[in-house]
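Asker: got a sequence here, can you build the structure:
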Amino acid sequence: MSESIHDHVAGNLRFIRETMERASAFTSIPGWGGVGVGITALAAATYAHRVVYRPEWLRVWLIEAIVAALIAGVTMLQKARRANVSFNSPAARRFFVSYFAPIIAGAGMTYLLANGGFRTALPATWLLLYGASFISSGAFSIRVVPVMGVCFMLLGIAACFVPIDLGNVLLGVGFGGLHVIFGFIIARSYGG
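Answerer: The predicted structure follows:
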(Lines give C-alpha, C1' and ligand atoms only; values in the text may rest on other atoms or scores of the structure.)
Protein backbone atom coordinates (compact mmCIF):
# COMPACT_ATOMS: atom_id res chain seq x y z
CA MET A 1 0.00 0.00 0.00
CA SER A 2 2.76 2.50 0.89
CA GLU A 3 4.50 1.68 -2.41
CA SER A 4 1.47 2.80 -4.44
CA ILE A 5 1.04 5.94 -2.33
CA HIS A 6 4.72 6.74 -2.87
CA ASP A 7 4.34 6.23 -6.63
CA HIS A 8 1.22 8.40 -6.65
CA VAL A 9 2.92 11.20 -4.70
CA ALA A 10 6.04 11.01 -6.92
CA GLY A 11 3.87 11.19 -10.03
CA ASN A 12 1.99 14.19 -8.68
CA LEU A 13 5.20 15.98 -7.75
CA ARG A 14 6.65 15.29 -11.22
CA PHE A 15 3.46 16.68 -12.82
CA ILE A 16 3.59 19.80 -10.63
CA ARG A 17 7.29 20.37 -11.38
CA GLU A 18 6.77 19.96 -15.14
CA THR A 19 3.73 22.27 -15.07
CA MET A 20 5.70 24.93 -13.22
CA GLU A 21 8.62 24.59 -15.66
CA ARG A 22 6.26 25.06 -18.61
CA ALA A 23 4.68 28.11 -16.96
CA SER A 24 8.07 29.74 -16.38
CA ALA A 25 9.64 28.69 -19.69
CA PHE A 26 8.98 29.65 -23.28
CA THR A 27 8.45 26.28 -24.95
CA SER A 28 7.57 27.22 -28.52
CA ILE A 29 11.05 26.68 -29.95
CA PRO A 30 10.33 25.06 -33.33
CA GLY A 31 12.29 21.85 -33.84
CA TRP A 32 11.22 21.30 -37.44
CA GLY A 33 11.80 24.99 -38.10
CA GLY A 34 15.35 24.52 -36.83
CA VAL A 35 15.81 21.64 -39.26
CA GLY A 36 14.56 23.89 -42.08
CA VAL A 37 16.92 26.68 -41.03
CA GLY A 38 19.77 24.17 -40.96
CA ILE A 39 19.04 22.92 -44.45
CA THR A 40 18.97 26.43 -45.93
CA ALA A 41 22.17 27.30 -44.02
CA LEU A 42 23.94 24.25 -45.44
CA ALA A 43 22.94 25.39 -48.92
CA ALA A 44 24.13 28.93 -48.17
CA ALA A 45 27.45 27.67 -46.80
CA THR A 46 28.00 25.52 -49.89
CA TYR A 47 27.34 28.39 -52.27
CA ALA A 48 29.20 30.94 -50.11
CA HIS A 49 32.28 28.72 -50.07
CA ARG A 50 32.62 29.25 -53.83
CA VAL A 51 32.56 33.03 -53.44
CA VAL A 52 34.23 33.34 -50.04
CA TYR A 53 36.80 35.93 -51.18
CA ARG A 54 34.29 38.09 -53.07
CA PRO A 55 31.79 40.67 -51.76
CA GLU A 56 28.99 38.30 -52.78
CA TRP A 57 29.90 36.10 -49.77
CA LEU A 58 28.45 38.59 -47.31
CA ARG A 59 25.26 38.97 -49.37
CA VAL A 60 24.76 35.19 -49.36
CA TRP A 61 24.90 35.05 -45.57
CA LEU A 62 22.72 38.15 -45.11
CA ILE A 63 20.07 36.64 -47.40
CA GLU A 64 20.35 33.39 -45.44
CA ALA A 65 19.80 35.31 -42.18
CA ILE A 66 16.55 36.75 -43.58
CA VAL A 67 15.39 33.34 -44.86
CA ALA A 68 16.26 31.72 -41.52
CA ALA A 69 14.40 34.42 -39.57
CA LEU A 70 11.30 33.89 -41.72
CA ILE A 71 11.41 30.11 -41.30
CA ALA A 72 11.98 30.37 -37.56
CA GLY A 73 9.31 33.04 -37.10
CA VAL A 74 6.61 31.22 -39.04
CA THR A 75 7.30 27.83 -37.44
CA MET A 76 7.51 29.36 -33.96
CA LEU A 77 4.17 31.07 -34.48
CA GLN A 78 2.63 27.78 -35.70
CA LYS A 79 3.98 25.83 -32.72
CA ALA A 80 2.81 28.50 -30.28
CA ARG A 81 -0.71 28.44 -31.76
CA ARG A 82 -0.88 24.63 -31.59
CA ALA A 83 0.22 24.68 -27.95
CA ASN A 84 -1.88 27.76 -27.10
CA VAL A 85 1.23 29.62 -25.91
CA SER A 86 1.16 33.41 -25.85
CA PHE A 87 4.05 35.55 -27.05
CA ASN A 88 2.93 38.06 -24.41
CA SER A 89 3.55 35.78 -21.43
CA PRO A 90 6.28 36.82 -19.00
CA ALA A 91 8.39 33.80 -20.02
CA ALA A 92 8.08 34.67 -23.73
CA ARG A 93 8.96 38.32 -23.14
CA ARG A 94 12.05 37.34 -21.12
CA PHE A 95 13.03 34.84 -23.80
CA PHE A 96 12.76 37.34 -26.65
CA VAL A 97 14.56 40.18 -24.84
CA SER A 98 17.48 37.92 -23.94
CA TYR A 99 17.50 36.34 -27.41
CA PHE A 100 17.40 39.54 -29.45
CA ALA A 101 19.96 41.57 -27.47
CA PRO A 102 22.98 39.59 -28.81
CA ILE A 103 21.33 39.34 -32.27
CA ILE A 104 21.04 43.13 -32.47
CA ALA A 105 24.65 43.41 -31.30
CA GLY A 106 25.59 41.00 -34.10
CA ALA A 107 23.83 43.18 -36.67
CA GLY A 108 25.72 46.24 -35.48
CA MET A 109 29.03 44.38 -35.46
CA THR A 110 28.33 43.04 -38.96
CA TYR A 111 27.91 46.56 -40.27
CA LEU A 112 31.02 47.81 -38.47
CA LEU A 113 33.28 44.88 -39.43
CA ALA A 114 32.11 44.66 -43.05
CA ASN A 115 32.51 48.40 -43.65
CA GLY A 116 35.90 48.37 -41.89
CA GLY A 117 37.20 45.59 -44.13
CA PHE A 118 37.29 42.94 -41.40
CA ARG A 119 35.17 40.27 -43.09
CA THR A 120 37.39 37.53 -41.66
CA ALA A 121 36.03 38.39 -38.20
CA LEU A 122 32.41 37.89 -39.25
CA PRO A 123 32.12 34.09 -38.85
CA ALA A 124 33.49 34.24 -35.30
CA THR A 125 31.30 37.24 -34.45
CA TRP A 126 28.14 35.63 -35.80
CA LEU A 127 28.73 32.26 -34.14
CA LEU A 128 29.72 33.77 -30.79
CA LEU A 129 26.82 36.22 -30.58
CA TYR A 130 24.27 33.71 -31.88
CA GLY A 131 25.51 31.25 -29.27
CA ALA A 132 25.28 33.94 -26.60
CA SER A 133 21.68 34.61 -27.63
CA PHE A 134 20.78 30.97 -27.06
CA ILE A 135 22.64 30.73 -23.77
CA SER A 136 20.95 33.84 -22.37
CA SER A 137 17.47 33.06 -23.73
CA GLY A 138 17.83 29.42 -22.75
CA ALA A 139 17.42 30.45 -19.13
CA PHE A 140 13.77 31.10 -20.06
CA SER A 141 13.25 28.16 -22.38
CA ILE A 142 13.69 24.43 -22.74
CA ARG A 143 16.85 22.83 -21.37
CA VAL A 144 18.45 21.99 -24.70
CA VAL A 145 18.57 25.64 -25.89
CA PRO A 146 21.58 26.76 -23.80
CA VAL A 147 23.42 23.56 -24.75
CA MET A 148 22.98 24.52 -28.39
CA GLY A 149 24.28 28.00 -27.51
CA VAL A 150 27.44 26.56 -25.99
CA CYS A 151 28.03 24.52 -29.16
CA PHE A 152 27.69 27.66 -31.30
CA MET A 153 30.11 29.53 -29.05
CA LEU A 154 32.69 26.74 -29.26
CA LEU A 155 32.54 26.98 -33.06
CA GLY A 156 32.82 30.76 -32.74
CA ILE A 157 35.96 30.46 -30.65
CA ALA A 158 37.44 28.11 -33.25
CA ALA A 159 36.52 30.62 -35.98
CA CYS A 160 38.68 33.23 -34.23
CA PHE A 161 41.78 31.31 -35.25
CA VAL A 162 41.12 30.31 -38.87
CA PRO A 163 41.01 32.08 -42.24
CA ILE A 164 37.67 33.09 -43.67
CA ASP A 165 37.30 30.02 -45.91
CA LEU A 166 37.47 27.76 -42.84
CA GLY A 167 35.30 30.24 -40.97
CA ASN A 168 32.71 29.73 -43.69
CA VAL A 169 32.90 25.97 -43.11
CA LEU A 170 32.32 26.57 -39.41
CA LEU A 171 29.29 28.70 -40.29
CA GLY A 172 27.93 25.73 -42.23
CA VAL A 173 28.64 23.38 -39.33
CA GLY A 174 26.97 25.77 -36.89
CA PHE A 175 24.04 27.34 -38.68
CA GLY A 176 23.54 24.23 -40.79
CA GLY A 177 24.60 21.17 -38.82
CA LEU A 178 23.76 22.32 -35.30
CA HIS A 179 20.32 23.55 -36.35
CA VAL A 180 19.55 20.21 -37.99
CA ILE A 181 20.80 18.16 -35.01
CA PHE A 182 19.18 20.25 -32.31
CA GLY A 183 16.06 20.73 -34.45
CA PHE A 184 15.56 16.97 -34.50
CA ILE A 185 16.18 16.78 -30.74
CA ILE A 186 13.66 19.54 -30.07
CA ALA A 187 11.09 18.10 -32.47
CA ARG A 188 11.37 14.64 -30.92
CA SER A 189 11.58 15.69 -27.26
CA TYR A 190 9.49 18.86 -27.16
CA GLY A 191 6.84 18.38 -29.83
CA GLY A 192 7.68 19.73 -33.25
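
Asker: which stretches in the protein count as helices?
Answerer: Counting by DSSP state H, one finds helices in the chain at the ranges 2-24, 31-50, 56-83, 90-115, 122-138, 144-159, 164-171, 179-190.

Asker: stretch 41-59 spans what distance, first to last residue?
Answerer: 13 Å (C-alpha to C-alpha, to the nearest Å).

Asker: let's number from 22 now, not from 1
Answerer: Okay, residue one is now 22; in that scheme the one you just asked about reads as stretch 62-80.

Asker: quick check: residue 198 touching residue 60?
Answerer: No - using C-beta atoms under 8 Å, residue 198 is not in contact with residue 60, being 10.5 Å away. (C-beta placed from N, C-alpha, C; glycine too.)

Asker: residue ranges with poor pLDDT in the chain?
Answerer: For the chain, the stretches with pLDDT under 70 are 22-24, 34-48.

Asker: OK, contacts around the most centrally placed residue in the chain?
Answerer: Centroid-nearest residue in the chain: residue 155, 5.7 Å away (criterion: C-alpha atoms, centre = their mean). Residues near residue 155 by C-beta atoms under 8 Å, 6 or more residues apart in numbering: 120, 166-167, 169-170, 173.

Asker: likewise residue 211?
Answerer: With C-beta under 8 Å, 6+ apart, residue 211 has these contacts: 48, 50, 52, 163, 165.

Asker: can you do 6 Å?
Answerer: Contacts of residue 211 were listed using C-beta atoms under 6 Å, 6 or more residues apart in numbering, and they are residue 163.

Asker: before we move on, what about residue 213?
Answerer: 52-53, 100.

Asker: now do 10 Å
Answerer: Applying C-beta atoms under 10 Å, 6 or more residues apart in numbering, we find residue 213 in contact with 49-54, 96, 99-100, 103-104, 204, 207.

Asker: before we move on, the earlier item: not counting its neighbours along the chain, what's nearest the residue nearest to the centre of the chain?
Answerer: residue 170 (3.1 Å; C-beta to C-beta, 6 or more residues apart in numbering).

Asker: could you measure residue 172 against residue 91, distance?
Answerer: 23 Å (C-beta to C-beta, to the nearest Å).

Asker: quick one: which of those two has more around it?
Answerer: residue 172 (19 against 14; other C-beta atoms under 10 Å).

Asker: re earlier: for residue 185, state which of the contacts of residue 155 is nearest.
Answerer: Checking these against residue 185 with C-beta to C-beta, the nearest one is residue 173 at 18.0 Å.
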